[in-house]
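[1] Just a sequence and a predicted model for now, questions to come.
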Amino acid sequence: MSITEQIKNIGKENGLDIIKITDAEAFPRAEKSIIGSIEKGYIPRSKYSSGDDTSLNAGKIYLNKISERCNPKNILKNAKSIITVAQYYLIEEDGNFGNCEQPCGKIAKYDIANFYYEVKEKLKSVIDFINQKTDGKYKSKNKSCYVSLVEKPIAQRAGVGWYGKNGVIITEDFGSWVVLGEIITELELDKDDSLQNNCGSCRTCMDACPTKAIVSPYVIDRTKCLQYISERLIDVPVKYREVWGDNLYGCTICQDVCPKNRNKNPKKYLPKYGYIGSRVPLIPLLEMTEEEFTSYFSDNQIAMRPMKAIKRNAILALGNIGDSIAIPHLIKVLQEDDQPMIRGYTAWALGKLGSKRSRNALEKALKIEESENVKEEIMNALRML
């Protein structure tokens, strides 16, 4: 049995659902696509720009940063192969989660636990096998969660799956309900072929996107994508707040409607890391300290996101859910929070919820508010009542 076959067997034994291999050459098409999306405004320039707002380089696209993500040899100079894997993440939830007696926010399926950390741990076992089999002759790097590497182009080239029109990798057996991970290695391995599948004329995901973030097949305007917005401190226009629904983190509407994702049976197992379930109580998030936030979401990716962004998400969800139980808690935020951004979204939520108590609180806040932006939000909220 070849070492390539042995590696794939070890991966399967460790619970990885798909293990494929490709070469470690660069991804120039991915690099060109990223640059094009930045230039069109589909990716905020700040993500790949150099310099602060006052420098001469402010807003200039930092091409080297993009190139590094698209060239595995920037991570491992003598890389020959990439072992790319996928793990199915639809699971049957523990009955202790999701039974909310108060307003709860929805967590996207990919984030109900830290599946990326689990994949990374399994990849470590594969690297340990390679080191043992080759006496440590070849260096390998363990990568997961697409922070330093373009994962989806790698998965596509290796034959893990193909691109859906929503920009997500679709696999033959698991649809797009997978997280990805990679090992970059100096070891020369047998390569797999890319899949020739595609979505044909189907545009279900494009039609279902509530903000029309899928501007054309395979092209996503991330500034409109609810998943992308939910992870970052990005302004949420009123028209997006109205379709935000009860989301606390992430959005999978484009995946939920995909024909390739139908009739997939969930796994029966409890994730090891960061399991928070698909519904999280929202009101406690309004009063959490940074320490409490980090502890609550311990080992989950949400803990790595700005707490202000998650608090904003909770406020938007509460406004859309419409349960009056949230009103006194939101009034307290409006009166006491020191962040104008948070007060502004809170005013909107109170306007959505209505009630005489909301009106009184908004009128009182308007008299003492110093931020012009928040004043405008309060006046708009009062017009909603």
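    Happy to help now that I have it.
[2] Let me see the backbone angles for residue 81.
    When read as degrees, to the nearest 10, the backbone of residue 81 gives phi -140, psi 160.
[3] What number of residues are in the vicinity of it?
    Residue 81 has 24 neighbours, counted by other CB atoms under 10 Å. Backbone N, C-alpha and C define where each C-beta goes, glycine included.
[4] ok, it to residue 345 distance?
    47 Å (CB to CB, to the nearest Å).
[5] Do a quick rundown of the helices in the stretch 201-350 of the chain.
    Along the stretch 201-350 of the chain, counting by DSSP state H, counting those that start in this stretch, helices occupy 204-208, 226-230, 238-241, 253-256, 290-296, 307-321, 327-336, 340-353.
[6] will you turn these into TSV that also has mean neighbour count?
    Putting the helices of the stretch 201-350 of the chain into TSV (neighbours: other CB atoms under 10 Å) gives the following:
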stretch	mean neighbour count
helix 204-208	17
helix 226-230	22
helix 238-241	14
helix 253-256	20
helix 290-296	13
helix 307-321	23
helix 327-336	18
helix 340-353	24
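[7] Make a markdown table out of these and add mean pLDDT and distance to residue 215.
    Written out in a markdown table, the entries for those read as follows (pLDDT from 0 to 100; distance: least, CB to CB, whole Å):
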| stretch | mean pLDDT | distance to residue 215 |
| --- | --- | --- |
| helix 204-208 | 98 | 9 |
| helix 226-230 | 97 | 13 |
| helix 238-241 | 98 | 15 |
| helix 253-256 | 98 | 13 |
| helix 290-296 | 96 | 34 |
| helix 307-321 | 98 | 23 |
| helix 327-336 | 98 | 34 |
| helix 340-353 | 97 | 26 |
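[8] got TSV for these, with distance to residue 275 too?
    Compiled in TSV, the helices of the stretch 201-350 of the chain are given as follows (distance: least, CB to CB, whole Å):
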stretch	distance to residue 275
helix 204-208	28
helix 226-230	19
helix 238-241	29
helix 253-256	20
helix 290-296	12
helix 307-321	17
helix 327-336	26
helix 340-353	28
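[9] between those helices, which one is nearest to residue 186?
    Residue 186 sits nearest to helix 226-230 of all the helices of the stretch 201-350 of the chain, at 34.5 Å, using CB to CB.
[10] Tell me the first helix or strand C-terminal of whichever strand or helix holds residue 157.
    Using DSSP states H and E, residue 157 maps to helix 151-158. Past helix 151-158, heading to the C-terminal end, the next element that is a helix or strand (DSSP H and E) is strand 162-163.
[11] Parallel or antiparallel, list what pairs with that following strand.
    The partner list of strand 162-163 in its sheet, established with DSSP bridges, is strand 169-170 (antiparallel).
[12] On the C-terminal side of the strand it pairs with, identify the next helix or strand.
    Sequence-wise, the next helix or strand beyond strand 169-170 is strand 178-185, with elements assigned using DSSP H and E.
[13] Report the angle between that next one and helix 151-158.
    Strand 178-185 and helix 151-158 meet at an angle of 80 degrees, taking axes from the mean of the first three to the mean of the last three CA atoms, to 10 degrees as the criterion.
[14] Can I get strand 178-185 as PDB, trimmed to CA atoms?
    These are the backbone C-alpha positions of strand 178-185, laid out as PDB (Å, rounded to 0.1, in the frame of the first residue of the first chain):
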ATOM      1  CA  VAL A 178     -18.600  20.500   5.500                       C
ATOM      2  CA  VAL A 179     -15.700  22.300   7.100                       C
ATOM      3  CA  LEU A 180     -12.400  22.100   5.400                       C
ATOM      4  CA  GLY A 181      -8.800  21.700   6.500                       C
ATOM      5  CA  GLU A 182      -5.400  21.200   5.000                       C
ATOM      6  CA  ILE A 183      -1.900  19.800   5.500                       C
ATOM      7  CA  ILE A 184       0.900  21.400   3.400                       C
ATOM      8  CA  THR A 185       3.800  19.000   3.200                       C
END
